[in-house]
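Trainee: I'll drop the sequence and a predicted model, then ask my questions.
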Amino acid sequence: MTPEPEPFVPTTDGPFSRARLAQFPWWLLIILGVIVFMAWRIIFDPLYRNTFNTILQALSTTLYVTAVSFVFAMIFGLFLGLGRISSNFILRNLAITYIEFIRGVPMLVLIFTISFALVPMVARTFGLSNNAISFTVRAIIALVMIYGAYIAEIFRAGIESIGRGQMEAARSLGMSHVQAMTYIILPQAVRNVMPALGNDLIALLKDTSLVSVLGVREMTQVARLSVSTTFRYEETYFILTLFYLSLTLVLSLMLQWIQRRVGAKE
């Protein structure tokens, strides 16, 4: 008796298998399609091209504010996070009070308060005039003070994710608490919180648009000024959206690549 042929079962490991198609980053393909379409409009439409060139002039300011604010926010957030878990009663409660205060007030309100109230008050204390500190510097100070509180919680969670036994082992080897924290705990904590820090960097890049209320000539402010004279709302705000979308996409892909490289070395 001739055996019946086995029924055909489609393979699941081919290049066009259902599993591979489900894992394909279709969202990235769609976003790239939008970017390509907008690039085509910029190349062939003079109105889009002129608007693109206008906003492009403010790109450096946006990147500068983002980079400087994030670096100082990480430093400030690290000290806040260490204070948050400190055994010192005063330091711990001061850090908790600051973090909860910042997290409990809307960001735009904090930007106004820091830029128009706190910074001038400190400037007068040191005998400086109100105009001695530029609004770009005020914007950076505001973003550092705001994001420092959020980054502090990231560092706190990262430090607490390291087992207590590692601190005890370092102390048993003769290290001081500061040495153990610097050479044993923090390097591991930073690796653990890299994805969260990357998310905050992307959020900070987008939130630089809020400092346009201070008159800082970053991309959003330049776009608003351009609209007030040209009344080309469609071109201006589509191009502005394209800039932020492209920046966050590139930054997100770079951070994912860095995280994979760091993970591969572990």
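Mentor: Here it is on my side, so go on.

Trainee: and the host helix or strand of residue 29, how far out from the chain middle?
Mentor: In this structure, residue 29 sits in helix 26-44 according to DSSP states H and E. Centroid displacement of helix 26-44 relative to its chain, using CA atoms, centre = their mean, to the nearest Å, is 23 Å.

Trainee: now it: average pLDDT?
Mentor: For helix 26-44, mean pLDDT rounds to 90.

Trainee: same thing with stretch 142-153?
Mentor: For stretch 142-153, mean pLDDT is 96.

Trainee: identify the residues contacting that stretch?
Mentor: 65, 69-70, 72-74, 76-78, 80-81, 83-84, 95, 98-99, 102-103, 107, 110-111, 114-115, 197, 200, 204, 207-208, 211 (CB atoms under 8 Å, 6 or more residues apart in numbering). Backbone N, C-alpha and C define where each C-beta goes, glycine included.

Trainee: and the lowest-mean-pLDDT helix or strand in the chain, C-alpha only, in PDB?
Mentor: Sorting the helices and strands of the chain by mean pLDDT, DSSP states H and E puts helix 18-23 at the bottom, at a mean of 74. Output of helix 18-23 as PDB, limited to C-alpha atoms (Å, rounded to 0.1, in the frame of the first residue of the first chain):
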ATOM      1  CA  ARG A  18       4.600  35.400   9.100                       C
ATOM      2  CA  ALA A  19       6.800  35.600  12.200                       C
ATOM      3  CA  ARG A  20       9.400  37.600  10.300                       C
ATOM      4  CA  LEU A  21       6.900  39.900   8.800                       C
ATOM      5  CA  ALA A  22       5.300  40.500  12.200                       C
ATOM      6  CA  GLN A  23       8.700  41.500  13.600                       C
END
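
Trainee: any quick ChimeraX command for the buried ones out of the contacts of stretch 142-153?
Mentor: In ChimeraX, selecting the buried portion of these, with burial taken from 16 or more other CB atoms under 10 Å, looks like this:
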select :65,69,70,72,73,74,76,77,78,80,81,83,84,95,98,99,102,110,111,114,115,197,200,204,207,208,211
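
Trainee: quick one on the thing from earlier: any buried residues in the helix holding residue 29, and which?
Mentor: 38, 41-42.

Trainee: cool, and stretch 243-257?
Mentor: So, applying 16+ other CB under 10 Å, buried residues of stretch 243-257: 243-244, 246-248, 255.

Trainee: now swap in stretch 88-106 and tell me
Mentor: Residues of stretch 88-106 classed as buried by neighbour count (16+ other CB under 10 Å): 91, 95, 98-99, 102.

Trainee: now swap in stretch 209-226 and tell me
Mentor: Buried-residue list, stretch 209-226, by 16+ other CB under 10 Å: 209-214, 216-223, 225-226.
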